[in-house]
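Participant: Turn this into a structure:
(one chain, ligands or ions: 1)
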Amino acid sequence: MDNKGETENTGTRNKTRLSPGSTSCDNNLREKKRRSMPKKETGKRRYRCPVSWKRNIAKAKRNCGKEYVSSTGKIVPMREMRAPCESSCRRKCTEKIGHEHRCLMFKKFWEMSSYSRQSAFIGTHVKRIPKKRQVIKENDAASRRTCTLSYTLPLTDNQDVEICKTMFINTLGITDMWVTTALKKVDASEVGTVTPDKRGVHNNRPNKISNDVKMSIKQHRNVPNC
Ligand SMILES: [Zn+2]
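Facilitator: Numbers count the residues shown, from 1 in each chain. Prediction:
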């Protein structure tokens, strides 16, 4: 083998002038061409696996009432059934619904594991009823509230029992705000509007990678290795 061949094999070909038509030069060109071609997929591509995403794990835990870590790193404790209303409650809820049945209601509610289904349950069991009477005080405008809320829980498959608000939200381990939101969803559905779950849906994404940066990354990946 001549010197030209040796210089290529030792990796110093760029410093050596090769005569036109030589085999080493052809090899050089072929190698350059090969390097400039985009690499084929090698099977190491990562596919999306939303179930394993941290926020989706948190969402699944939240929907079934388990302890989870919020997006800000805060540990949110698991949902728990709270104490019933006072024995002095004028609806006498504790006489209508016992501790075991309350536990069953709590369990069934959180086993739904779906914010939409849970909201639908609330919407079904909290009803607006027109106020029976309206008290108008002196020097005061009429109360803006024209209806009251009736809270019920299923006692059997086809029998509901009316209870007070405290008993309702404490038995399910939910907040007053969730009831308000669920009723708004019912109102919207009655006028034919579907309101999807809007939790976490907003435009405040300070850590989102801008489209310009994404484009520059794509362009960078397409530049051949030299
Ligand atoms: Zn009560």
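Participant: Relative to Ser70, how far out is Pro206?
Facilitator: Computed with C-beta to C-beta, to the nearest Å, the distance linking Pro206 and Ser70 is 16 Å. In this view, the C-beta of every residue, glycine as well, is placed from N, C-alpha and C.
Participant: Of those two, which one has the most company?
Facilitator: Taking other C-beta atoms under 10 Å, Pro206 and Ser70 do not tie; Ser70 has more neighbours (11 against 4).
Participant: contacting residues for the nearest residue to the more buried one once chain neighbours are set aside?
Facilitator: Once flanking residues are discounted, Ser70 sits nearest to Val76: 5.5 Å by C-beta to C-beta, 6 or more residues apart in numbering. By C-beta atoms under 8 Å, 6 or more residues apart in numbering, the contact list for Val76 reads Arg62, Glu67, Tyr68, Val69, Ser70.
Participant: Quick check on Val76: phi, psi?
Facilitator: Main-chain dihedrals, Val76, degrees, to the nearest 10: phi -100, psi 120.
Participant: with the contacts of Val76 in mind, which one is nearest to the ion?
Facilitator: Arg62 (27.6 Å; C-beta to the ion).
Participant: Can you get me a residue count around that closest one?
Facilitator: By the criterion of other C-beta under 10 Å, Arg62 has 18 neighbours.
Participant: Equivalent analysis for the one 4 residues further on, please.
Facilitator: Lys66 has 15 neighbouring residues, counting by other C-beta under 10 Å.
Participant: And what about the nearest residue to it once chain neighbours are set aside, helix, strand or coil?
Facilitator: In this structure, Lys66 finds its nearest non-sequential neighbour in Met78, 5.2 Å apart by C-beta to C-beta, 6+ apart. The three-state label given to Met78 by DSSP: H, G, I helix; E, B strand; the rest coil is coil.
Participant: just how off-centre is stretch 108-120 within its chain?
Facilitator: 14 Å (C-alpha atoms, centre = their mean, to the nearest Å).
Participant: Residues contacting stretch 125-134, please?
Facilitator: So stretch 125-134 is in contact with 142-143, 145-154, 160, 168, 179, 182-183, going by C-beta under 8 Å, 6+ apart.
Participant: circling back: quick one: which of the contacts of Val76 sit in helices?
Facilitator: When the contacts of Val76 are checked against helices (DSSP state H), the matches are Arg62.
Participant: Just the pLDDT at the residue nearest to Ser70, thanks.
Facilitator: Predicted confidence (pLDDT) for Val76: 95.
Participant: Just grab the bridge partners of it for me.
Facilitator: Counting by DSSP bridges, Val76 forms beta bridges with Tyr68.
Participant: Up against the ion, what does this protein have?
Facilitator: With C-beta under 5 Å from the ion as the criterion, the chain meets the ion at residues Cys85, Cys89, Arg91, Cys93, Cys164, Met167.
Participant: How is the spatially closest residue to the fifth one that is not a sequence neighbour assigned, secondary-structure-wise?
Facilitator: On the basis of C-beta to C-beta, 6+ apart, the spatially nearest residue to Cys164 that is not a chain neighbour turns out to be Arg91, at 4.8 Å. For Arg91, the reduced secondary structure class is coil; criterion used: three-state DSSP.
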